[in-house]
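[1] Need a 3D model of the following:
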Amino acid sequence: MNRGERRAAARDSRKTAKSPDGATPAANRRDPKAEHLVSLGTALTQQGRHGEAFKAFDAAVKIARDDVDVWLHHGNALASLARPADALASYQQALKLNPRHAFAAYRCGVLLRDLNRIAEALSCLVLSDQLHPNNAMVLEQLGLVLHDLKRFEEALAANLRAHAQNPASPEICNNIGAALLQLRRYDDALPWFDRALALKPGSVIVLISKAAALAKMLRLDEAFAVYAQANAIDPGNADITFLVSELQLLTGDFEAGWVGREARWKTRVTKGYPNLSQPMWLGDGPIEGKTILVFADEGLGDTIQFARYIPLLAARGAQVILWVDDPLASLLSGLSGVWRLLVKSDPLPAFDLHCPICSLPLAFRTRPETIPADVYLPRPAEARIQAWENRLQNALQNPLQSPLGPRSKPRVGLAWSGNPNHWNDHNRSIPLQKLSGLLDLDAAFVSLQKDPRPDDRAQLERTGIIDLTAHLTDLAETAALMSCLDLVITVDTGVAHLASALGRPTWILLPYTPDWRWLLGRDDSPWYGSVRLFRQDQRRDYAPVIERMREALQQLLAAWSSDSPPT
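    Purely as a prediction, here's the structure:
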């Protein structure tokens, strides 16, 4: 619970428990001693003596266990002491005693969200809204929970209802803008952020939201200026530093971008980093003869992208321990420069230094022109490649041929969605149906999509795409399958990094505002020589992107059919 919510809980205790409409719930006939304890607790709360107030309310609930009002006071006192789990239990008890108590349902919803129990929070807030419709504070919290669940249209609707009840709230205005931002309605979002700033000038949270909208529109000079305004108000804000760093990297300013990106450790965007007593190495000082632990600190695709630096550490004379997530273990076990490979569940051996894998570009002072090797993953074992060749030939019902031998038609791997929990998934992933414009071309299409979403699975079954993904037990198997393909077409996900780091021809569909690593205004990548980028334009529509891709694929197939080696 944040400071503002603790103050709100204390106010609730001072005023006695209030329902969202401000009405005081009718008290049961209460034991005089319990009544005295409630009065004492309320007086102590008014004096800011929250610990003593809690003791009074705690004594009261032991006498009046069936009194909803006393349990609400008890919950408010616990909330003011920053004990959200215990406060929740008190509010739940009040709701159990009166299942139609709007305020108890509201407080349960708020605390369940604080405890990251989002689905339960939604249920409670929906109940509170049903019991007392059109209460601004209930609707505001309902909008936040719907936003957490990525149900942005519903979040927008709840926030607009909240605004109708409380148009002077800058927080609600900001929440409306945030929902519009997620819905990619950037032109609509900006006026709401400006409205919030008019109500609360200098709000850093709103300025960050406004800058994010401008960045999504690629109005980058304006975005940098708004971030600078926010930073002047709150110098050293890690969120601002991190967000600015990603724009710096996107625009090719690697020198500033890598430094600023280290602010991620003070934000909520990272998975966390182990508490290690040894020094962190960021490029300062020799490492010859030292053992360095390299920790995979972000996603699988990031780990693959920055694994290219491991041979450089070894070339400086270091023994490298690479500590990665389980799905990468087999793939990276043969990477040049790895002295010892561990998964996250393994105990750590002795080492001298450590470095997050995503900090290696900073450690090596990487600039666009000094990015190291773009093909660095070891070739999969020949037995694995041959096993995949056999599966593909059986699926195609063709005579068995060598992986490098002639084929009747090129093989094109497809991946259309990434991690659904990724913060930017709604911009990166696409429905399989959007790729239907490619599927009538004379190629053998092969799925690289593990665990497709329900709608995509149904669509997949209606296509001629070869689906052997049940055999993709780890990323080493995926690499072996890719080694049997002639082209990989993918959205921006780990598949793109894996195929590219193997040197496989890879076409990547990118949103209008891409991830920083793909830079701007180019159809190639300094990170991977085999990549071709297909970007959205200002319409932010994948249909014309896929049409351009179809034309390029037709050209490739024409080269194939004329016996020219495709590129």
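[2] what sits up against stretch 346-355?
    276, 278-282, 287, 290-295, 321, 323, 340, 342, 363 (C-beta atoms under 8 Å, 6 or more residues apart in numbering). C-beta: built from backbone N, CA, C; applies to glycine.
[3] same thing but at 7 Å, please
    Stretch 346-355 is contacted from outside by 276, 278-282, 287, 290-295, 321, 363, using C-beta atoms under 7 Å, 6 or more residues apart in numbering.
[4] now, which of these sits nearest residue 496?
    residue 294 (21.9 Å; C-beta to C-beta).
[5] Below-threshold pLDDT in the stretch 201-350 of the chain: ranges please.
    Scanning the stretch 201-350 of the chain for pLDDT under 70 picks out the ranges 269-271.
[6] returning to that earlier point: out of the contacts of stretch 346-355, who has the most neighbours?
    residue 294 (28 neighbours; other C-beta atoms under 10 Å).
[7] helix, strand or coil for that residue?
    Of the three states, residue 294 takes strand according to DSSP: H, G, I helix; E, B strand; the rest coil.
[8] on that earlier part again, filter the contacts of stretch 346-355 down to the ones in helices?
    residue 363 (DSSP state H).
[9] Residue 366: what's it in contact with?
    254, 258.
[10] So which residues of the protein form strands?
    Counting by DSSP state E, the chain has these strands, from start to end: 291-295, 319-324, 338-343, 353-356, 411-415, 444-447, 487-491, 506-510, 531-535.
[11] and residue 254, which of these is closest to it?
    For those, proximity to residue 254 was assessed by C-beta to C-beta; strand 353-356 is nearest, at 16.9 Å.
[12] can I get the CA coordinates of that closest one in PDB?
    Extracted in PDB, the C-alpha atoms of strand 353-356 (Å, rounded to 0.1, in the frame of the first residue of the first chain):
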ATOM      1  CA  LEU A 353      33.200 -10.800 -10.900                       C
ATOM      2  CA  HIS A 354      29.700 -10.700 -12.400                       C
ATOM      3  CA  CYS A 355      28.000  -8.900 -15.200                       C
ATOM      4  CA  PRO A 356      24.300  -8.900 -16.400                       C
END
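[13] Could you pull out the buried residues of that strand?
    Neighbour counts using 16 or more other C-beta atoms under 10 Å place 353, 354, 355, 356 of strand 353-356 among the buried residues.
[14] I'd like those residues as TSV, with pLDDT appended.
    Below are the buried residues of strand 353-356 laid out as TSV (pLDDT from 0 to 100):
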residue	pLDDT
353	97
354	97
355	97
356	96
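[15] which one of the residues you listed is nearest residue 115?
    Distances from residue 115 to the buried residues of strand 353-356, taken by C-beta to C-beta, are shortest for residue 356, at 28.7 Å.
[16] pretty sure the closest one is touching residue 297, no?
    Yes: between residue 356 and residue 297 a contact is recorded at 4.1 Å, counting by C-beta atoms under 7 Å.
[17] list residues touching both of these two?
    residue 273.
[18] if we take the contacts of stretch 346-355, which one ends up nearest to residue 506?
    Of all these, the one sitting nearest residue 506 is residue 294; the distance, using C-beta to C-beta, is 24.9 Å.
[19] Surely the closest one is in contact with residue 318?
    No: using C-beta under 7 Å, residue 294 makes no contact with residue 318, being 9.5 Å away.
[20] Could you count how many residues lie near residue 51?
    Counted with other C-beta under 10 Å, residue 51 comes out at 10.
[21] got a list of what it touches?
    By C-beta under 7 Å, 6+ apart, the neighbours of residue 51 are residue 81.
[22] ok, so what distance separates it from residue 105?
    Distance from residue 51 to residue 105, counting by C-beta to C-beta, to the nearest Å: 27 Å.
[23] Not counting its neighbours along the chain, what's nearest residue 196?
    residue 173 (3.8 Å; C-beta to C-beta, 6 or more residues apart in numbering).
[24] What residues does that neighbour make contact with?
    Residue 173 touches 163, 192, 195, 196, 199, counting by C-beta under 7 Å, 6+ apart.
[25] Then residue 176?
    By C-beta under 7 Å, 6+ apart, the neighbours of residue 176 are 156, 159, 160, 163, 192.
[26] what about burial for those residues, which qualify?
    156, 159, 163, 192.
[27] closest to residue 333 among these?
    So of the buried ones among the contacts of residue 176, ranked by how close each gets to residue 333 (C-beta to C-beta), first place is residue 156, at 47.2 Å.
[28] how close does the closest residue to the closest one other than its chain neighbours sit to residue 158?
    Spatial nearest neighbour of residue 156, excluding adjacent residues (C-beta to C-beta, 6+ apart): residue 179 at 4.0 Å. As judged by C-beta to C-beta, residue 179 and residue 158 stand 9 Å apart.
[29] try residue 337
    From residue 337 to residue 158 the distance is 52 Å (C-beta to C-beta).
[30] cool, residue 32 as well?
    43 Å.
[31] Between the two, which is the more surrounded one?
    Just comparing residue 32 and residue 158: by other C-beta under 10 Å the higher neighbour count belongs to residue 158, 28 against 8.
[32] who are the neighbours in contact with the closest residue to that one other than its chain neighbours?
    Sequence neighbours aside, residue 143 is the residue nearest to residue 158 in space, at 3.8 Å (criterion: C-beta to C-beta, 6+ apart). Residue 143 is in contact with 155, 158, 159, 162, 175, counting by C-beta under 7 Å, 6+ apart.
[33] what's the answer for residue 142, then?
    125, 126, 129, 158.
[34] how about the helices in the stretch 451-567 of the chain?
    454-461, 475-482, 494-501, 542-561 (DSSP state H, counting those that start in this stretch).
[35] quick one: buried residues of the first one?
    Neighbour-count burial for helix 454-461 flags 456, 459, 460 (criterion: 16+ other C-beta under 10 Å).
[36] again, but for the last one
    Using 16+ other C-beta under 10 Å as the burial criterion, the residues of helix 542-561 that qualify are 542, 545, 546, 549, 550, 553, 556, 557, 560.
[37] If you drop the residues flanking it in sequence, what lies closest to residue 193?
    Once flanking residues are discounted, residue 193 sits nearest to residue 210: 4.0 Å by C-beta to C-beta, 6+ apart.
[38] Can you tell me the number of residues neighbouring the one you found?
    27.
[39] Show me the shaky parts of this structure.
    Using pLDDT under 70, the chain drops low at 1-30, 269-271, 398-407, 422-423, 563-567.
[40] 50 instead?
    1-19, 21-28, 399-405, 565-567 (pLDDT under 50).
[41] residue furthest from the geometric center of it?
    residue 32 (53.4 Å; C-alpha atoms, centre = their mean).
[42] what sits against residue 107?
    75, 91.
[43] how about residue 357, what does it touch?
    The contact partners of residue 357, by C-beta under 7 Å, 6+ apart, come to 294, 295, 296, 297, 303, 306.
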